[in-house]
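> Sequence plus the predicted model coming up.
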Amino acid sequence: MQSYSVVIPAYNEEGVISEVLGQILALKGVELEVIVVNDFSSDKTALEAKKHPVMVISNVQNFGYGYSLKTGILAAQNEHIIILDADG
C-alpha cells in the first residue's frame, strides 16, 4: 500500500477545517499522514484541527502560504506528498 503525506496550510479556517479533515480521514485503501500547518490564525483553526488524529504545526506568527507549505513538507515522513487547501 502506498503511503502519502497530506500537507494542509491553514489560516482562519475554523469553519471548514473539521469537515475537510473528516473527508480526508474517511478515505479507504490509502495510508495517510495528515499535517495541518496553522499560520497564526486568529480564530480556532488549530483547536478544530486538533480534534482529529492529525499533526498540527502552529507558526509563531503569520508567515504566509509558501512558508507554511515548506514547513509541512519538511515535517512530512512520506516520499509522496499531497498539498491541499484548508477549504478543500
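That came through fine.

> So which residue is smack in the middle of this protein?
Note on the chain: the residue nearest the mean C-alpha position is Val36, at 2.2 Å, using CA atoms, centre = their mean.

> For the residue lying closest to it once chain neighbours are set aside, report the pLDDT, please.
In this structure, Val36 finds its nearest non-sequential neighbour in Ala49, 4.3 Å apart by CB to CB, 6 or more residues apart in numbering. In short, each C-beta sits where N, CA and C put it, glycine included. Model confidence at Ala49, expressed as pLDDT, equals 98.

> can you check Gln23 too?
As summarised for this prediction, Gln23 has a pLDDT of 97.

> I figured it was touching Gly88, is that so?
Yes - applying CB atoms under 8 Å as the test, Gln23 and Gly88 come out as touching, 7.3 Å apart.

> Just want to know which of those two has more residues nearby.
Neighbours were tallied for Gln23 and for Gly88 using other CB atoms under 10 Å; the higher tally belongs to Gly88 (13 against 10).

> my guess is that one meets Ser18, correct?
No - applying CB under 8 Å as the test, Gly88 and Ser18 come out as separate, 11.3 Å apart.

> Can you name the next helix or strand after the helix ranked longest in the chain?
Selection of the longest helix in the chain by residue count, based on DSSP state H, yields helix 65-75. Of the helices and strands lying after helix 65-75 in sequence (DSSP states H and E), the nearest is strand 80-83.
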